[in-house]
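>>> With the sequence up front, the predicted model follows.
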2 protein chains.
Amino acid sequence: MKAEIINIGTEILLGHIVNTNSAYLSRKLAEVGIDIYYHTTVGDNLLRLYAAIQRALGRSDIVITTGGLGPTVDDITLKTIARVLDKKLIYKDQIWQRIEDHFKKRHIKTPKNNLRQAYIPQGSRWLKNGVGTAPGIIAKKNKKILIALPGPPLELIPMVERDMVTDLKKFTHKKSKVIKSKVLKTTGLAESQVHPKIKKFLHMSGNTTAGIYAHPAQIDIKITTKAKNEKETKKNISAVEKQIRKRLGDLIFGCDDETLEAVVAGLLIKNNKTIAIAESCTGGLLSNRLTDIPGSSNYLMHSIIAYSNKSKTQLLGVPEEIIKKYGAVSRQTAKLMAKNVKELANVDIGLSITGIAGPSGETKQKPVGLVYIAVVTKNKIICKEFHFSGERKLIKFRSSQAALDMLRRHLLHG
Amino acid sequence: MKAEIINIGTEILLGHIVNTNSAYLSRKLAEVGIDIYYHTTVGDNLLRLYAAIQRALGRSDIVITTGGLGPTVDDITLKTIARVLDKKLIYKDQIWQRIEDHFKKRHIKTPKNNLRQAYIPQGSRWLKNGVGTAPGIIAKKNKKILIALPGPPLELIPMVERDMVTDLKKFTHKKSKVIKSKVLKTTGLAESQVHPKIKKFLHMSGNTTAGIYAHPAQIDIKITTKAKNEKETKKNISAVEKQIRKRLGDLIFGCDDETLEAVVAGLLIKNNKTIAIAESCTGGLLSNRLTDIPGSSNYLMHSIIAYSNKSKTQLLGVPEEIIKKYGAVSRQTAKLMAKNVKELANVDIGLSITGIAGPSGETKQKPVGLVYIAVVTKNKIICKEFHFSGERKLIKFRSSQAALDMLRRHLLHG
């Protein structure tokens, strides 16, 4: 079973917005075993849209359009679909009621324009829009399915999750195959270091394969499989995952939507540990990431962003002589920052980051990207030196990522 | 002059990556007066790609492909283009030298596979890739132009900026019109509040128009114009901009790529002011945003993220009785946090944020989203109460945005 996606909107062709709907819909369709051969974007132009839909219906079983369902005259999707189906647009009172309710709730008088949205091609079914006013449409033409969805992802996604996926499952052949993926996330190694370890899984014959996706300070391994049902996909993925985990061990910090900060937050709560942070070059990024996780007040007592040398002395008690002798960016300063912030807060773990994020501030001995990170507990002081590349924000991010990973390893292995 | 874009890659059709190249290329083409009528994505399949290129050459003057230039057998773009042009692929020693240099620099033996990348369709011109190994290609077929660019944006963007735009300017007709845009950025009002103020510019007849784009805690107004040359576009945009600025005044904080934090950083440096920050619910986000700007050590002395009540007392000297009586999230606590962090750091400005980011922590009197922000200087204490909506990260972001805007207004007007 083949599908294709047609995105409608001159603003996409002008590059004013990035089309994320295609990627989202493609993943959803793959998950129910539907293949996608084409994505097409056309502007708000009736003739070109008409031709695009006709061509798509000629070569695919399912055609999904996004966009062009708004209340203005530029919005021509349903008018065009009606022509393709050779049907009239007819008024649906139920849709109009929903539109009026939408505005009533917001204490706004329903604009006259929105009446257009209550007209749909005769014989088609409409899908509720829980966020905006434009309904979605499902129509049939000679056994082919034509679906029209609203353009804004905030409106499209709930409609797909609630209605479209269920509907499409009915249409797909029993013998069509399901595609599923699982992402294993690592940090701390470069792509060229991960590659040899899992090379043999990258181009396997058969229906299961793995790919490497490099992000800043994070390498993902995506296992993808195609099988006759969901149970089979799970079995296939699990077999390869086991092999990859054997080779990568604790380099893998999480799966799919898990973030490194969420994993660390989970370990802090599980181990019942509290923490205080002293940041310099990261300027609050590490604390910000950890406090993105709900419930962070259970483990984070406070952070001190000692951005100036003076504040490292005044707030963190790093002696002036130490900073003079070794520098603010040094192993010695990092260790004292972590130790003192821990004692000040009376917590289990003190963590510090000091480095040069650039572009200015480097010396011959201390280049941009030099970063020291220290983790201090009751019995242990760990301090590591890093040399990060990239521009300022990237160095900040890599530093926060390395700090979170040091913390994770400490919490895992003590 | 019309162009269209063909993105090549099964990973796009599977939704594994979001296609950002189309939006980027579309903006670049619009800037030199080239219209785009279609974006198409096809997989790594020779027949479908061949058909897509043929169709595109039939209806457009310029066809740009992205992707499929890698060293593996899946990469079929040049093979397909050679067929479309009815030419052979021929070996270019200059390209091969560059590929060998690329690996030599990285102390890696050149993989044999990469030899494929030194073969290009006879008669075509190649474009240097400053980042990866795949060259770009420019070819002609009956006055039509066919351009092949690499898929990874990091490789594509420099090639477009350096070579393609210059080349295309030569091909475009003198009478073709140039499209330019300028974005004016505001914060502090909702879309529905900005709308009535600038309504008359939203659907102007003629070649200049404005649109409203809503982002979290930021409403952008984009002025777009089409004119016969760049000078004219500037004149058109400037005329509308003046009118919009009259209506929105200092609600506009910046233009185009300017961020609110960069604008505030600029004002701090211009006014020669120093600052210290006390954050609670934002957990370091505000400090992180301000330190994203190079040179932030010139104005930021330190930040204290007093995440617990204890740290508000211990580090910021907010008396326990005040927290007991009014709460950690209160006007009184916010003011004292800002005043004390200022005095502790001996700076010109103290800024504080305290609030409930959720999802837990709310009471009947104090709902999730309640945030107090205070700015304290030698002569002035300003404290504002906010009620933000959205989930945790959004409330953090809205809070940091409001704090930056209060700071901006203070620095502008004293």
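Yep, that arrived. The structure presented is a predicted model; accordingly, all values stated were derived computationally and were not measured.
>>> Could you use CA atoms for every contact and neighbour count after this?
Fine.
>>> Tell me how many other residues crowd the nearest residue to A:K109 once chain neighbours are set aside.
Leaving aside its sequence neighbours, A:K109 sits nearest to A:F103 (C-alpha to C-alpha, 6 or more residues apart in numbering or on different chains; 6.3 Å). Using other C-alpha atoms under 10 Å in any protein chain shown, the number of residues around A:F103 comes to 15.
>>> so where does A:F103 fall, helix or strand?
helix A:93-105 (DSSP states H and E).
>>> Okay, buried residues for that helix please.
For helix A:93-105, the neighbour count (16 or more other C-alpha atoms under 10 Å in any protein chain shown) marks A:95-96, A:98-100, A:102 as buried.
>>> Now render those residues as TSV, adding distance to B:E230 and pLDDT.
Below are the buried residues of helix A:93-105 laid out as TSV (distance: C-alpha to C-alpha, whole Å; pLDDT from 0 to 100):
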residue	distance to B:E230	pLDDT
A:I95	46	97
A:W96	46	96
A:R98	47	94
A:I99	43	93
A:E100	45	93
A:H102	44	87
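>>> hmm, back to that, touching, the residue nearest to A:K109 and A:T110? I think so.
Yes: at 5.6 Å, A:F103 counts as touching A:T110 under the criterion of C-alpha atoms under 8 Å.
>>> that older thread, just the buried residues of helix A:93-105 now: which is nearest chain B?
Comparing those against chain B with C-alpha to the nearest C-alpha places A:H102 closest, at 15.5 Å.
>>> Low-confidence stretches in the stretch 51-200 of chain A?
The stretch 51-200 of chain A contains residues with pLDDT under 70 at A:173-175.
>>> Can you get me a residue count around the residue lying closest to A:R116 once chain neighbours are set aside?
Spatial nearest neighbour of A:R116, excluding adjacent residues (C-alpha to C-alpha, 6+ apart): A:P71 at 6.0 Å. When counting by other C-alpha under 10 Å, one arrives at 18 neighbours for A:P71.
>>> again with the one 10 residues further on
Applying other C-alpha under 10 Å, we find 26 other residues in the vicinity of A:I81.
>>> Look at it and give its secondary structure.
helix (DSSP: H, G, I helix; E, B strand; the rest coil).
>>> which ones are touching it?
The contact partners of A:I81, by C-alpha atoms under 8 Å, 6 or more residues apart in numbering or on different chains, come to A:50, A:53, A:121.
>>> Backbone dihedrals for the last one, both of them.
Comment: the main-chain dihedrals of A:P121 come out as phi -60, psi 130, following degrees, to the nearest 10.
>>> Would you mind naming the residues that bridge with A:K141?
Counting by DSSP bridges, A:K141 is bridged to A:K144.
>>> any idea how far it lies from chain B?
Applying C-alpha to the nearest C-alpha, to the nearest Å, the value for A:K141 to chain B is 24 Å.
>>> My guess is that residue contacts A:L85. True?
Yes: A:K141 lies in contact with A:L85 (C-alpha under 8 Å); the separation is 6.5 Å.
>>> For the helix of greatest length in chain A, name the packing helices and strands.
If you go by DSSP state H, chain A has its longest helix at helix A:392-413. Applying 3 or more C-alpha pairs under 8 Å, 6 or more residues apart in numbering or on different chains; DSSP states H and E, we find helix A:392-413 packed against helix A:260-270, helix A:285-291, strand A:349-355, strand A:370-376.
>>> who wins for proximity to B:I322 among the ones you listed?
helix A:285-291 (24.7 Å; C-alpha to C-alpha).
>>> Could I get the buried residues of helix A:93-105 in a markdown table, plus columns for distance to A:I147?
Formatted as a markdown table, the buried residues of helix A:93-105 follow (distance: C-alpha to C-alpha, whole Å):
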| residue | distance to A:I147 |
| --- | --- |
| A:I95 | 17 |
| A:W96 | 20 |
| A:R98 | 20 |
| A:I99 | 20 |
| A:E100 | 24 |
| A:H102 | 23 |
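>>> Can you lay out the helices and strands packed on helix A:392-413 as CSV showing mean pLDDT and distance to chain B?
Putting the helices and strands packed on helix A:392-413 into CSV (pLDDT from 0 to 100; distance: least, C-alpha to the nearest C-alpha, whole Å) gives the following:
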stretch, mean pLDDT, distance to chain B
helix A:260-270, 97, 13
helix A:285-291, 98, 5
strand A:349-355, 98, 13
strand A:370-376, 98, 16
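>>> winner for burial among those?
strand A:349-355 (a mean of 30; mean count of other C-alpha atoms under 10 Å in any protein chain shown).
>>> so how far is it off the chain centroid?
Chain-centre distance of strand A:349-355: 28 Å, with C-alpha atoms, centre = their mean, to the nearest Å.
>>> Dump it to PDB, keeping only the CA atoms.
Output of strand A:349-355 as PDB, limited to C-alpha atoms (Å, rounded to 0.1, in the frame of the first residue of the first chain):
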ATOM      1  CA  ILE A 349      27.300  15.800  45.400                       C
ATOM      2  CA  GLY A 350      29.100  19.000  44.300                       C
ATOM      3  CA  LEU A 351      29.600  19.600  40.500                       C
ATOM      4  CA  SER A 352      31.600  22.300  38.900                       C
ATOM      5  CA  ILE A 353      32.400  23.500  35.400                       C
ATOM      6  CA  THR A 354      35.100  26.000  34.500                       C
ATOM      7  CA  GLY A 355      36.400  26.700  31.000                       C
END
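>>> and that strand, what other elements does it pack with?
Packed next to strand A:349-355, using 3+ C-alpha pairs under 8 Å, 6+ apart, are strand A:275-279, helix A:331-345, strand A:370-376, helix A:392-413.
>>> dump the residue contacts of A:A134.
A:69-71, A:117, A:150.
>>> and it, what element?
Per DSSP H and E, there is no helix or strand for A:A134.
>>> just A:L146 next, same as before
Assigned by DSSP H and E, A:L146 falls in strand A:144-149.
>>> Identify each buried residue in the next helix or strand after that strand, please.
Sequence order places helix A:153-159 as the next helix or strand after strand A:144-149, per DSSP H and E. Residues of helix A:153-159 classed as buried by neighbour count (16+ other C-alpha under 10 Å): A:153, A:155-157, A:159.
>>> Could you export these as a markdown table, including distance to chain B?
Below are the buried residues of helix A:153-159 laid out as a markdown table (distance: C-alpha to the nearest C-alpha, whole Å):
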| residue | distance to chain B |
| --- | --- |
| A:P153 | 13 |
| A:E155 | 15 |
| A:L156 | 16 |
| A:I157 | 14 |
| A:M159 | 18 |
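>>> Those: which two are farthest apart?
A:P153 and A:M159 (9.7 Å).
>>> Considering the contacts of A:I81, which possesses the most neighbours?
That'd be A:P121 among those, by other C-alpha under 10 Å, with 24 neighbours.
>>> check which helix or strand covers the residue of chain A most remote from its centre.
Distance to the chain centre peaks in chain A at A:E321, reaching 45.5 Å (criterion: C-alpha atoms, centre = their mean). Per DSSP H and E, A:E321 falls inside helix A:320-326.
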